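J.: Sequence and predicted structure below; questions after.
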Amino acid sequence: MASLDETRSLLFSRGLIDQRKLFSFVTAKKLPSGGWGLCAMGINGDKLVIFDADTQGLDGVVKDILYEIPLDEVENFKGFKLWNLITVKFTWQGGRFSFTNLASKIGLYEELKSSCKK
């Protein structure tokens, strides 16, 4: 079972996230496809990459890429941070996305907040 740091390093070595290694497992509350549950998200250059994920024991396992979203195409970004609880909502190409439980100390929320249209 891989640690979160090992997962970040693996995704970086495969070119799925960039050198900043901004990555977190998240809970999808709403996806345009109607899906929900455990996902993962990371930043690769100017794109937000959303992965399907699953659990393996106490660890998360990254699976297929669900969405690659150019950050400059994200609209109506709203974020809420209260201590370690982070929630983000946005639209892309008319689809609505909603996530909770982003890791608070890695900088992913701050990057999304600064890069996405309000």
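T.: Looks like it came in fine. Numbering: from 1, shown residues only.
J.: Going by neighbour count, list what's buried in stretch 72-90.
T.: 74, 77, 79, 86-90 (16 or more other C-beta atoms under 10 Å). Just so you know, the C-beta spots here come from the backbone N, C-alpha and C atoms, and that holds for glycine as well.
J.: Filter those residues down to the ones in strands?
T.: Judged by DSSP state E, the subset of those located in strands is 77, 79, 86-90.
J.: For Ser98, state which of those residues is nearest.
T.: Using C-beta to C-beta, Lys89 comes nearest to Ser98 of those, at 4.7 Å.
J.: That closest one and Ala28: what is the separation?
T.: Using C-beta to C-beta, to the nearest Å, Lys89 is found at 11 Å from Ala28.
J.: Mutual contacts of the two, please.
T.: Contact criterion C-beta atoms under 8 Å, 6 or more residues apart in numbering; residues shared by Lys89 and Ala28: 97-99.
J.: For the spatially most central residue of the chain, which non-adjacent residue is closest in space?
T.: Per C-alpha atoms, centre = their mean, the C-alpha nearest to the average position across the chain is that of Met41, at 2.1 Å. Distance criterion C-beta to C-beta, 6 or more residues apart in numbering; nearest residue to Met41, sequence neighbours excluded, is Ile50 at 5.0 Å.
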